[in-house]
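Asks: Provide a 3D model corresponding to the input given below.
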Amino acid sequence: MTEKVQKFERLAEKRVSEAIKKLRLIGNLSNKNNYSYTDDHIKQLIEALETEMRILKSRFREEAADKALGFAFKTRKNDR
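Replies: I've put the predicted structure just below:
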């Protein structure tokens, strides 16, 4: 395993674990015995998190797409 893969795995495990802990803490805000909030609060909170997830997914897809870039003419049946 390369050093870069090891570094990625080490950092990813740590960062994802921390993100999960933070998401659970956000989930704790749902306790109506301790907090008061509106549907609009929840909508904004979830939209912000979903936007960040879309950005995250996009960043990883772009990395893969960058490696696949290339150009070639497609063969057409009538050109033979």
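Asks: For the rest of this, base every contact and every neighbour count on C-alpha atoms.
Replies: Noted.
Asks: Distance from the chain centre to stretch 16-31, please.
Replies: 16 Å (CA atoms, centre = their mean, to the nearest Å).
Asks: And for stretch 23-33?
Replies: Taking mean C-alpha positions (CA atoms, centre = their mean), stretch 23-33 and its chain are 21 Å apart.
Asks: Please identify the helix or strand for the residue most central in space within the chain.
Replies: Closest to where the C-alpha atoms of the chain average out (CA atoms, centre = their mean) is residue 56, at 3.1 Å. Element membership of residue 56, judged by DSSP states H and E, is helix 39-68.
Asks: Could you do residue 13 as well?
Replies: Judged by DSSP H and E, residue 13 forms part of helix 3-28.
Asks: OK, contacts around the residue nearest to the centre of the chain?
Replies: If you count contacts by CA atoms under 8 Å, 6 or more residues apart in numbering, residue 56 has none.
Asks: follow-up on the earlier one: which strands or helices does the helix holding residue 13 pack on?
Replies: Using 3 or more CA pairs under 8 Å, 6 or more residues apart in numbering; DSSP states H and E, no helix or strand is in contact with helix 3-28.
Asks: Having no further points to raise, I will conclude here.
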